[in-house]
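>>> Here you go, sequence then predicted model.
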Amino acid sequence: KDLEGPQFLHIRTMKGKGFEPAEQDPVGYHAINKIEAKPKGPQAAVTETKPDGPKYQDIFGCWLCDMAQRDNRLVGITPAMCEGSGMVEFSKRFPDRYYDVAIAEQHAVTMAAGMACDGLKPVVAIYSTFLQRGYDQLIHDVALQNLDVTFGIDRAGLVGEDGPTHHGAFDLSYLRCIPNMVIGAPSDENECRQMLYTAYQHPGPAAVRYPRGKGPGALIADELEQMQIGKSVEVRRGKQVAILNFGALLPQAMLAADQLDATVVDMRWVKPMDTEIIETFASQYDLLVTLEDNAISGGAGSGVNQCLAELHLLVGVLNLGLPDAFIEHGTPEEQREWIGLNGSGIESAIKAKLHTTPTYATAKEQISL
């Protein structure tokens, strides 16, 4: 600062600076749970005991390697999140097709667009909260040109101890409005694998969003099978209430449905949406409940509302999702309890809605007359 004239500073970032365990293991300490103070010696990360099974990021990483083995056009791109996005094995097996562009999300998206223009099939592994930084590039460089780019959107929904800066709370809202986009939201591990394969086969921009951590423990098929884009699956038949679930909250939806004897549909696709089942259920049920781990505003539930309005259908609707607030640190279980997205919270919200929602049968009869 004491020198005259313009100066150029090249600053080297040291990950974990000031916390010795993180300085020694910057990768292992990139994302940690609650740290407890110790009276003596270095502090240590506290890890929770969880059931065996792969994390969603591992599902993605395994699929990426399998797909790269099949298709030599595939290239993988990450903005400095190799470990977090499950790309370590891919980077070792396919080093010439692995691109870490550092902390430059905008560049990751535009680079993918350029590669797609040249006949490659890029897969961008990116956290939901970080894709927000490349939104302009997603619209202008990828979607506007309808380019064949697949987005593996990790950390969708609540992320537990990573906190409000890392919640993937808005991706469904900001992706739904972009033309040419296909958006999938798997409910378990195998569905995630097959949906990634389906999105990769789609000849345009497609995104699959999946949560942090482990899933419900679904059996993962080795084979890859293409799904029908825009088609849902009914997983439970009940009466009076139909829960339209988008994504990883399906286990919570099933808990509530078992208590209420409600129908549950795994919607799978947010765009295009299964309008056929929405239209059918609007005439069969008193209440349609949309469930998603995304902001209610502009999310999948808003898409259902829009569909009902366009079809001139009159039915009770309850949109459940992330509230218009930033959710603080906590375990995923605590966070779901705080905002009523666990089984009991969903059940209570549906009961309250049924208590206050008028029956639309009389109104429908009057309209038909």
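Noted; the coordinates are in hand.

>>> Mind listing what's buried along stretch 316-335?
Burial within stretch 316-335, assessed by neighbour count using 16 or more other Cβ atoms under 10 Å, is assigned to 316-322, 327, 330, 332, 335. C-beta coordinates here come from the backbone N, C-alpha and C atoms, glycine included.

>>> from those residues, which single one is nearest residue 95?
Each of the buried residues of stretch 316-335 was checked against residue 95 using Cβ to Cβ; the closest is residue 332, at 34.4 Å.

>>> shouldn't that closest one be in contact with residue 155?
No: with contact defined as Cβ atoms under 8 Å, residue 332 does not count as touching residue 155 (11.4 Å).

>>> Need the overlap of contacts for these two.
Listed as contacting both residue 332 and residue 155 by Cβ atoms under 8 Å, 6 or more residues apart in numbering are residue 212.

>>> Can you lay out the buried residues of stretch 316-335 as TSV showing distance to residue 232?
Listed next are the buried residues of stretch 316-335 as TSV, based on distance: Cβ to Cβ, whole Å:
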residue	distance to residue 232
316	20
317	17
318	18
319	17
320	17
321	17
322	21
327	27
330	31
332	25
335	26
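
>>> Need the residues you listed in JSON lines (columns: distance to residue 143 and secondary structure).
As requested, those are arranged in JSON lines below (distance: Cβ to Cβ, whole Å; DSSP: H, G, I helix; E, B strand; the rest coil):
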{"residue": "316", "distance to residue 143": "35", "secondary structure": "strand"}
{"residue": "317", "distance to residue 143": "29", "secondary structure": "strand"}
{"residue": "318", "distance to residue 143": "31", "secondary structure": "strand"}
{"residue": "319", "distance to residue 143": "26", "secondary structure": "strand"}
{"residue": "320", "distance to residue 143": "29", "secondary structure": "strand"}
{"residue": "321", "distance to residue 143": "24", "secondary structure": "strand"}
{"residue": "322", "distance to residue 143": "24", "secondary structure": "strand"}
{"residue": "327", "distance to residue 143": "29", "secondary structure": "coil"}
{"residue": "330", "distance to residue 143": "35", "secondary structure": "coil"}
{"residue": "332", "distance to residue 143": "31", "secondary structure": "helix"}
{"residue": "335", "distance to residue 143": "31", "secondary structure": "helix"}
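
>>> which of the residues you listed sit farthest apart?
Set against one another by Cβ to Cβ, the buried residues of stretch 316-335 have their most distant pair in 316 and 330, with a gap of 31.7 Å.

>>> Which residues are in contact with residue 290?
Under the criterion of Cβ under 8 Å, 6+ apart, the contact partners of residue 290 comprise 244, 246, 300-301, 304, 317-321.

>>> Show me which of these is closest to residue 196.
Relative to residue 196, and with distances defined as Cβ to Cβ, the nearest of the contacts of residue 290 is residue 246, at 16.8 Å.

>>> Need the phi and psi values for the closest one.
When quoted as degrees, to the nearest 10, the phi and psi of residue 246 stand at phi -120, psi 100.

>>> Next one: it from residue 128, what distance?
Here the criterion is Cβ to Cβ, to the nearest Å. By it, residue 246 lies 14 Å from residue 128.

>>> Residue 166 too?
Noted for residue 166: a distance of 9 Å to residue 128, by Cβ to Cβ.

>>> These two: who's more crowded?
Using other Cβ atoms under 10 Å as the criterion, residue 166 and residue 128 rank with residue 128 on top: 28 against 18.

>>> which ones are touching the more buried one?
Under the contact definition (Cβ under 8 Å, 6+ apart), the residues listed for residue 128 are 153-157, 167-171, 209.

>>> again, 6 Å this time
Residue 128 sits next to 153, 155-156, 168, 171 when contact means Cβ atoms under 6 Å, 6 or more residues apart in numbering.

>>> now residue 268
Remark: with contacts taken as Cβ under 6 Å, 6+ apart, residue 268 is in contact with residue 232.

>>> If you count neighbours, what's buried in stretch 174-188?
Using 16+ other Cβ under 10 Å as the test for burial, stretch 174-188 gives 174-176, 178, 181-188.

>>> Start and end of that stretch, how far apart?
Between the opening and closing residues of stretch 174-188 lies a distance of 23 Å (Cα to Cα, to the nearest Å).

>>> Where does pLDDT dip in this structure?
Low-confidence segments of the chain (pLDDT under 70): 31, 33-51, 357-369.

>>> Relative to the whole chain's centre, how far out is the longest strand along it?
Residue-count comparison of every strand in the chain, with assignments taken from DSSP state E, identifies strand 287-295 as the longest. In terms of Cα atoms, centre = their mean, to the nearest Å, the gap separating the centre of strand 287-295 from the centre of its chain is 14 Å.
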